[in-house]
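Chemist: predicted model follows, preceded by the sequence.
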Amino acid sequence: MLKNGVQGLTYSDMGILLFVARTPTTSDVFSAIAEPRRRVILEYLREEERAVNDVVESLGMSQPVVSKHLRVLRDVGLVQYRQDGRQKLYRVNGKELQAVHEWTKRFEQFWNHQLDQIKGRAELEARRLENERE
């Protein structure tokens, strides 16, 4: 018993807490791109189709790590691959990013508002500097 009659956690309670299931990263696009290295890989593949070894060398990640992340991205449909001899060439499947784009677009008003404020302050400062020169 702890203070105020509160009972402490037992080891079995802690085990239950440690192994609480979480949403798998392969459940949807949003979960998959929550991992920063996956976003880096997507950005790298944005320009053109690339082999796994190119991703490994260019991004400085180990081959097993890159393969794991590519598998998750492939499972949610964000990348596609084709076999070219012994190599797998990966490319972004932009269509699957549409859901992310549509969701983030809902927040565009906030960005525009902030940009308008920045623009207004910059124009005010430019006028102030111009008046000082005169």
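Modeler: Perfect, I can see it now.

Chemist: how about the helices in this protein?
Modeler: Using DSSP state H, the helices found in the chain span residues 11-18, 29-33, 36-46, 52-59, 63-75, 98-105, 108-133.

Chemist: I figured Arg39 hits Val29, correct?
Modeler: No - using CB atoms under 8 Å, Arg39 is not in contact with Val29; the gap is 11.5 Å. In this view, the C-beta of every residue, glycine as well, is placed from N, C-alpha and C.

Chemist: looking at these two, which is more packed in?
Modeler: Per other CB atoms under 10 Å, whichever of Arg39 and Val29 has more neighbours is Val29, with 17 against 14.

Chemist: now that one. Nearest residue, chain neighbours left out?
Modeler: Val76 (5.2 Å; CB to CB, 6 or more residues apart in numbering).

Chemist: my read: the one you found touches Glu96, true?
Modeler: Yes - judged on CB under 8 Å, Val76 makes contact with Glu96 at a distance of 7.0 Å.

Chemist: joint contacts of the two?
Modeler: Contact criterion CB atoms under 8 Å, 6 or more residues apart in numbering; residues shared by Val76 and Glu96: Val29.

Chemist: Lys88 against Arg50, yeah?
Modeler: No - using CB under 8 Å, Lys88 makes no contact with Arg50, being 9.9 Å away.

Chemist: ok, now which ones touch Gln83?
Modeler: Contacts of Gln83 (CB under 8 Å, 6+ apart): Leu89.

Chemist: pick out the shakiest of the helices of the chain, pLDDT-wise.
Modeler: Sorting the helices of the chain by mean pLDDT places helix 11-18 lowest, at a mean of 52.

Chemist: before we move on, the earlier item: mind putting the helices of the chain into TSV with distance to Arg82?
Modeler: Listed next are the helices of the chain as TSV, based on distance: least, CB to CB, whole Å:
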stretch	distance to Arg82
helix 11-18	41
helix 29-33	20
helix 36-46	13
helix 52-59	12
helix 63-75	12
helix 98-105	22
helix 108-133	35
